[in-house]
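Enquirer: What follows is a protein structure lacking sequence information:
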């Protein structure tokens, strides 16, 4: 798996139709189709059609309804230059080579249509971890994800790796995922750290962690 990190995403060696226009915007050189988050188009040049993309079958539809996981998708067809963004979040690229990536559905921006996708339970992670279901993409092709703030890419093979369930954007699907609990008695009397449960990752692969636990919801002043 090649990523925009570590300087190993050489677009002279892979089909380079996904390009970072800047760190907030994805440019897709379209000559065919791409799947993207609904409403993520900010501009395009050329001839393109935008269609709602269904859940891909009754099974996926039911999973989406029951879990709330999965990005609302559109299928873009045509030729030209397509520009995608989502709330000015940072955009990061991955090129899968017959591999699998598990992504928080709220962070999925766009991917090649030849990749297969499904909503799957995160094995080993309990409900308390906040990451019970994710969207898994499998095959060969491009994936673009978004993050709140500049993220860090952690190599789980180098050391025990832990992340807040709301901060883990995506990770290699082959990693073993569990729950790490750091609950202490002080939490019972209002002196806890507020970080009692984390996702724990082991194996060969990476975890992309954003610099946030999600978007801040403005407080009402009324």
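Expert: Yes, it's here. Just so you know, these numbers come straight off a predicted model, no measurement behind them. Residues are numbered from 1 along each chain as shown.

Enquirer: Just the buried residues of stretch 39-59, please?
Expert: 40-41, 44, 48, 50, 53, 55 (16 or more other Cβ atoms under 10 Å). In short, each C-beta sits where N, CA and C put it, glycine included.

Enquirer: Stretch 138-156 now?
Expert: Result for stretch 138-156 [16+ other Cβ under 10 Å]: buried residues 138-139, 141-148, 151, 153-154, 156.

Enquirer: Could you do stretch 28-41 as well?
Expert: With burial defined by 16+ other Cβ under 10 Å, the residues of stretch 28-41 counted as buried are 28, 30, 34-37, 40-41.

Enquirer: which stretches of the protein aren't confidently modelled?
Expert: Applying pLDDT under 70 to the chain flags the ranges 4-16, 54-70, 123-132, 182-196, 213-222.

Enquirer: which residues in it form helices?
Expert: 58-67 (DSSP state H).

Enquirer: Quick one: the buried residues of stretch 39-59 as JSON lines, columns for distance to residue 109 too.
Expert: As requested, these are exported to JSON lines (distance: Cβ to Cβ, whole Å):
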{"residue": "40", "distance to residue 109": "6"}
{"residue": "41", "distance to residue 109": "11"}
{"residue": "44", "distance to residue 109": "15"}
{"residue": "48", "distance to residue 109": "17"}
{"residue": "50", "distance to residue 109": "15"}
{"residue": "53", "distance to residue 109": "14"}
{"residue": "55", "distance to residue 109": "18"}
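
Enquirer: Give me the distance between the residue nearest to residue 81 when sequence neighbours are not counted and residue 79.
Expert: Spatial nearest neighbour of residue 81, excluding adjacent residues (Cβ to Cβ, 6 or more residues apart in numbering): residue 45 at 4.5 Å. Here the criterion is Cβ to Cβ, to the nearest Å. By it, residue 45 lies 10 Å from residue 79.
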